[in-house]
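# A structural model of the following input is requested.
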Amino acid sequence: MVRKAFRFHCSTGTMHRDSGTRTFDTYMSGAPMPVSHRTPGPPAGPSRRTVLGASTAATATAATALWTASSATAWAAPPAASAAHTDAAGKADPYEETVRAAAMVWRRLPTGWQEGPFLANGYLGAQLYAGRTANTLKLMLSHTQVQDRRGQWRGGIGYSRLPIGYFTLTLAGDITSVDWTLDLYDAELRGTVTTTRGSVAFTALVQNDSGALLVSTRPSAGEEDSAWTFQWLPAATTRTSGKPPEYTPNPDPEIGSGSVRYVQQPLLAGGGWTTAWREQRVGTGRLLAAHLAYRSPGDVTEATRDARRQVERTLSADLDDLLARHRGWWHRYYRRSFLSVPDKRLQSFYLAQLYKLAASTRSGGPTISEWGPWFPEVGNNWTAVWWNLNVQIGMAPVHGSNHPELDSVTSTFARFEKNLPISVPAVYRDGESYALGHPSDWQLRAGDTYDVGAPGSDHISDNFGNLTWAMHNVWQAYRHSMDRTILRDVLFPILAKAINFYAHFLHEGPDGKLHLLETRSPEYANAADCTYDLSLIRWGARTLLETARLLQTDHPRAPLWQDIATRLTPYAEDPAAGVMIGKDVPLADSHRHHSHLLWLYPLRERSWDRAGDRGVMRRSMDHWVSMRDLWHGYSYATASSMYSVMDEPEKALDHLTLFTDLKVVADCAMTVNTMYREGRNFALESPLSAAQSMLDMAVQGHDGVVKVFPSVSARWPDTSIASLRAPGAFLIDADRSGGMTRWVRVHSEAGAPLTLQHGIAGDIAVRDERGHALPWKEVAAGRISVRLPRGASAVVTPRDGQAGEGPRDVPSPGAWTRWGLPA
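Numbering: from 1, shown residues only. Here you go, the predicted model:
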C-alpha cells in the first residue's frame, strides 16, 4: 500500500516495453539488448562543456568504450549514445545532462564508508570498499527497518539499529587498480577491478521497487573463479553510552543452504530478519541477487520464506523490466526540479544530496536515522533516530526541492502518533499531552521506561522541544503543498498536545508575563525561560491559532494558545551579544547547535524585511559566529541559511563552501563521497542540510512573500532553476544571466495569494503562459502581487523581454574535481 501511494505522488508517465521476456540466461548468452529497452545515455565523446577539462572527457570516453566492448552481461552496460538525449535542434536535455555530469568516480580503492560508493532504495542499503585482504572487496549490507525490539531500555540500546553482514568478492589476484562510476541518474554503480591476475567488470544496484540487490560480474581470463560469499555480523548494538550491564546480544543466526542460501537471524524479543541470496552463473558471468526480509513482531521463519521466494522471483524476472522500472523511477525523480550554478562541484554536491535523500527515505517508510539505510561496519553510538536537530535539518530539503514523495516525517507522525504518550512522564500522561524522546526508533519509540522528564524538576532533558520542532517540518509540508489534510490529520492534533505538555510548566510572573520553568538548551546549559523552548512554544501557539482558522474549527484550548501568543515572555537579551541562552545564561563560548537562534531560522519569527528586527538578528548572529572553534558541519550549513535570510549572499556562500571544501573543524568533516563524520562517527544530516542552504539561496518564501534568487552570490552570475517549490504551493522557474534575473515563471498549484519579489531590474511585463497580459500591482520596490487561480502560471520578464523555454546548465568558470576518489 505504501508503494502504491508513493507511485501516485511521483509517476509522470507510463513505461513501454517489448512483450518478450529476457531472463538472466538470455543476457549471459551475449544476445544484444533491444534498442527499445536502452535508456539513452550521454552523447559519446568529449563533453560539450570544456570546463570539465580534456582529461575528464577523455576518461569518460575511454570508460564508455571499455564497457561497450568488454561487457559480457549486456544489461549492465551503460546506456549507449542516442539522439533521444537531444531535441530536434540538437539541444541536450539539461535534467539528464547535469545529473550524469554529477557522477562520482573512483580511481583509487576506497577503504571504508567514508570513501566508498553507496546504493539504496530507502530501505536496503549497500556500500562497496576494500576487503580485509588485498584480493577482496567488501559489500556492506544494511536496512532501515532492521533493529532490536527490547523497549525496557532507552531507544539507542533497546531499539538499536543492528548490523546485518557483508558480501565479500574474492579475487584470484591482488587488486592493483579500480575504475568505478556511481551514476546518480541511473542509481547504478559500474566499474572494473584490475588485479595481478586479470580484471572483473561489474554493475550493482538496489532495484527501486523490489528492493533486490543485484550485482553482475564479468571476469576476464585469470579471474573466472571470482565469487561472492556472505559473512553475518553479530546482532548486537554497537552503542556503548548507557549500555546496561545485563545487556546480552541476540543469538547467533541459523545458516541455510540450498539453491538460495540464507542467514536467518532471530531476535530475543521475537521475530527477526533473513538475508537470502543466490549467485547465478552462465559461462564466466555471474549475477548475485539478494533480498532481506524483516519480521518483528512475527515469526522469523516467515521472513526466511519471503526472502528466499523474492530471490527466486528476481532471478526469474524479466531483467529488462526490472531495469526499466528502476531507471524510470530515478529519471522521473530528477525531473521534478532543477538547480544549476556555476560552481559545478557544488552543483554536483547538491545533486548527490538529492540522490542520497531518495536512497535514504520515502514517504510511508522510516524517516532518516543518523546512518540512513547504511551501517558503518564498526558501528558507533548513533544507532537510532535523533530528534533534537538531526532529522529536522536533514529532512528540510525535501520541500523546496519538490520531493513530497520523500516526506517520511509527516507520514511517520501520521502512522505512529500512538507512541508519543510513551515519552511523557507518567504524572502528565493525561491523554492530552505529547512529547518525543530521542533517540527513538523509526516508530517514535524512545523506550518503554524512558521519558523526557519535566521542566523545573530533578529530571531535565534536552528533549522537551523535539516534538514541536518536528511539527515545524510538518507545517512546512503543509505550506509547500497547501494540503489541509496535513493540518487536520497530523499537525493540529499532535501540535495541540505538544504545546499542552509545555503549558503545564508555564507560570505567570510579577511582570504579568508567562514564564517557563528551567529546561535545557540542547547541548549547552540549563536555564529558566530558555530561548530554545520559548521560541518553539511561541511558534506552536501561533501556528495552532492559524491552523484553527484555516480549518474553521473551534478548540477548547484556543484561549490558552491566544494567551501564550500574547503574554509569553520575551527572550533574554544582552545589549551587545543579542539573544541569550535563557534567563541569566549568556552564550559564553562556542556552541555547535543553533538552539538559541531557532527563532531566527528556521522558525523565522523575526524578519530581515522588518527594519525593527534587524538589530537583534545582527547582534545575535555576529556573536554566535564569532566563536566557531567547536562548530560542526551543520553549524556552517545553518549559518549559510541564516545569512541568506539576512541578505548576506557572500557570507552565505563562504560558510557553505568552507564546509563542502572538506575543511576539518573540531575533528569533523564532510567526506569525499559527501557523507559526514564527527570524529569516527557516521552522521547523515549535515550534508543534507547544506543542500537546504543552496535552496535558500535560490528561492525563499516567508510572510506571504516568494523571493526569487534572494541570496545568490555575485560569484554566481548565472543560475538556472526549475520547479523549485515555495510556500503557497508555487513552483518556481527562473533564469539569471550576467548577474541579472532575466525571467521568472510561477505556477500556482493551490490558488494561494502571491506576492513575488522577482528581482528583475527596470520595467516589467507580467503575462500568462499564452503571452496574454495579467493584471498585477506593485506593492513595494521589486515586489508585485498577482492573482493566480489554481493551475495558472505567471511569467515575469523585462518589459520587452521573453522567458526562456526551460532550464539550462549554466557555464562554469573553470575545471572542478569530481566527488569520490578521482585520480
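
# and this protein, what are its domains?
Using automatic domain parsing, the domain ranges for the chain come out as 22-335, 366-627, 707-798.

# next, the distance between the ends of the shortest one.
Taking CA to CA, to the nearest Å as the measure, domain 707-798 stretches 17 Å from start to finish.

# same question for the second one.
Between the opening and closing residues of domain 366-627 we find a distance of 36 Å, counting by CA to CA.

# how far is it from where the chain is centred?
The chain centroid and the centroid of domain 366-627 are separated by 20 Å, computed with CA atoms, centre = their mean, to the nearest Å.

# again, but for the longest one
Going by CA atoms, centre = their mean, the spacing between the C-alpha centre of domain 22-335 and its chain's C-alpha centre is 20 Å.

# coming back round to it: would you list the domains of the chain in a markdown table and tack on mean neighbour count and mean pLDDT?
(C-beta placed from N, C-alpha, C; glycine too.) Compiled in a markdown table, those are given as follows (neighbours: other CB atoms under 10 Å; pLDDT from 0 to 100):
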| stretch | mean neighbour count | mean pLDDT |
| --- | --- | --- |
| domain 22-335 | 19 | 83 |
| domain 366-627 | 20 | 97 |
| domain 707-798 | 18 | 97 |
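
# how close does A752 sit to Y334?
Taking CB to CB, to the nearest Å as the measure, A752 falls 27 Å from Y334.

# list the contacts of I175.
The neighbours of I175, taking CB atoms under 8 Å, 6 or more residues apart in numbering as the test, are 109, 130, 134-135, 137, 193-195.

# in helices only, show me these.
Per DSSP state H, helices hold no members of the contacts of I175.

# need the max-distance pair from these.
Within the contacts of I175, A130 and T194 form the most distant pair, 13.9 Å apart (CB to CB).

# ok, what's across the strand from the closest residue to R767 other than its chain neighbours?
Nearest non-adjacent residue to R767, counting by CB to CB, 6 or more residues apart in numbering: V795, 5.1 Å away. Beta-bridge partners recorded for V795 (DSSP bridges): R745, R767.

# which residues touch V795?
For V795, the contact set (CB under 8 Å, 6+ apart) comprises 743-745, 766-769, 803.

# try 10 Å this time
733, 743-747, 765-771, 774, 801-803 (CB atoms under 10 Å, 6 or more residues apart in numbering).

# how near is it to V705?
V795 sits at a distance of 19 Å from V705 (criterion: CB to CB).

# repeat for H594
For H594 relative to V705 (CB to CB), the value is 23 Å.

# so the spatially closest residue to G804 that is not a sequence neighbour is in which element?
Leaving aside its sequence neighbours, G804 sits nearest to D735 (CB to CB, 6+ apart; 5.1 Å). Assigned by DSSP states H and E, D735 belongs to strand 730-737.

# swap in A765?
Using DSSP H and E, A765 falls in strand 764-767.

# contacts for that strand?
743-746, 756, 758, 771, 773-778, 782, 784, 786, 793-803.

# convert the C-alpha atoms of the helix or strand that that strand is followed by to CSV, please.
Once the chain leaves strand 764-767, the next helix or strand it forms, by DSSP H and E, is strand 776-780. Taking Å, rounded to 0.1, in the frame of the first residue of the first chain, the C-alpha atoms of strand 776-780 are listed here in CSV:
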residue,chain,number,x,y,z
TRP,A,776,-0.7,42.9,-11.3
LYS,A,777,0.1,45.5,-8.6
GLU,A,778,3.4,46.7,-7.3
VAL,A,779,3.3,46.5,-3.5
ALA,A,780,7.0,47.6,-2.9
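
# from the contact counts, what lies against strand 776-780?
Counting contacts by 3 or more CB pairs under 10 Å, 6 or more residues apart in numbering; DSSP states H and E, strand 776-780 packs against strand 754-757, strand 764-767, strand 783-786.

# report the distance from that strand to the chain centre.
On CA atoms, centre = their mean, the centre of strand 776-780 falls 37 Å from that of its chain.

# if we can go back for a sec, could you dump the helices and strands packed on strand 776-780 into JSON lines with distance to A691 added?
Below are the helices and strands packed on strand 776-780 laid out as JSON lines (distance: least, CB to CB, whole Å):
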{"stretch": "strand 754-757", "distance to A691": "23"}
{"stretch": "strand 764-767", "distance to A691": "31"}
{"stretch": "strand 783-786", "distance to A691": "27"}
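
# looking at these, which is nearest to P397?
Minimum separation from P397 across those (CB to CB) falls at strand 754-757, 21.5 Å.

# quick one: strands adjacent to the closest one?
Paired neighbours of strand 754-757 in the sheet (DSSP bridges): strand 705-708 (parallel), strand 783-786 (antiparallel).

# spatially central residue in this protein, please.
Centroid check for the chain by CA atoms, centre = their mean gives L357 as the closest residue, at 3.0 Å.

# against which helices or strands is the longest helix anywhere in the chain packed?
Using DSSP H, we find that the single longest helix of the chain is helix 531-551. Applying 3+ CB pairs under 10 Å, 6+ apart, one finds that helix 531-551 makes contact with helix 466-481, helix 484-486, helix 492-503, strand 514-516, strand 519-521, helix 558-567, strand 578-579.

# and with 8 Å instead?
Packing partners of helix 531-551 (3 or more CB pairs under 8 Å, 6 or more residues apart in numbering; DSSP states H and E): helix 466-481, helix 492-503, strand 514-516, strand 519-521, helix 558-567.

# any idea how far the residue of the chain positioned farthest from its centre is from T569?
Distance to the chain centre peaks in the chain at P510, reaching 46.4 Å (criterion: CA atoms, centre = their mean). Distance check for P510 against T569: by CB to CB, it reads 11 Å.

# contact partners of stretch 377-385?
So stretch 377-385 is contacted by 112-113, 138, 140, 147, 155-157, 159-161, 163, 166, 237-241, 366-371, 391, 438-442, 680-683 (CB under 8 Å, 6+ apart).

# not counting its neighbours along the chain, what's nearest E508?
L514 (6.1 Å).

# for G131, see how far away that neighbour is.
From L514 to G131 the distance is 61 Å (CB to CB).

# ok, H331 next?
In terms of CB to CB, H331 sits 33 Å off from G131.

# isn't R261 up against A276?
Yes: using CB atoms under 8 Å, R261 is in contact with A276, at 6.9 Å.

# related to what we said a few turns ago, among the contacts of stretch 377-385, which ones are in helices?
Using DSSP H, these in helices are 155-157, 391.

# any chance of these in CSV, plus distance to S348?
Below are the ones in helices among the contacts of stretch 377-385 laid out as CSV (distance: CB to CB, whole Å):
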residue, distance to S348
G155, 35
G156, 34
I157, 38
V391, 25
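
# ok, which pair from those residues is furthest apart?
For those, with distances taken as CB to CB, the pair at the greatest spread is I157 and V391 (19.3 Å).

# many thanks, we can stop here.
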